[in-house]
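Trainee: need a 3D model of the sequence below.
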Amino acid sequence: MKNTLKIKFKRLNHLQLCIPTGEEAAAKEFYCGLLGLEEIEKPADLKKNGGFWLKIADIELHIGTENLINESKRHPAFEVEGLERIKKVLLDNGIRIKTDNPLPKFNRFSFYDPFNNRIELLEEIVDA
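Mentor: Down below sits the predicted model:
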């Protein structure tokens, strides 16, 4: 490389997951209903593309639409509190869980939305 670019990243702004075109109602039931996320206004000029936007912690989660469905390793990972309680509620609602190996300092697992998007949750291990 001739030149190295030093970018000063400030923070993560948003993540995008995709659902099949026309499945917004089912996605809102999952993300807003079950997970309790807040929908936020999507800019008017982008509404024609389908999907919707959500507020999650201090970032945005954009739910886009597309016709291509495939398995992927792509995923967001969110730090949470109450990991085991969350896992129980997801299991009680029939949500598919993936058991992940613990990481140093974190317990974790992943779950899948109804459209096969993987979402990882981590909770910091606090020494007693």
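Trainee: so what's the residue count around the closest residue to residue 76 other than its chain neighbours?
Mentor: Nearest residue to residue 76, sequence neighbours excluded (Cβ to Cβ, 6 or more residues apart in numbering): residue 15, at 4.4 Å. All C-beta spots, glycine's among them, are computed from the backbone N, C-alpha and C. Burial of residue 15, expressed as a neighbour count using other Cβ atoms under 10 Å, amounts to 18.
Trainee: before we move on, what about residue 99?
Mentor: Applying other Cβ under 10 Å, I find that residue 99 has 8 neighbouring residues.
Trainee: any idea how far residue 28 is from it?
Mentor: With distances taken as Cβ to Cβ, to the nearest Å, residue 99 is found 28 Å from residue 28.
Trainee: residue ranges of the strands in this structure, please?
Mentor: Applying DSSP state E to the chain gives strands spanning 14-20, 38-40, 52-56, 59-66, 77-79, 97-99, 106-112, 118-124.
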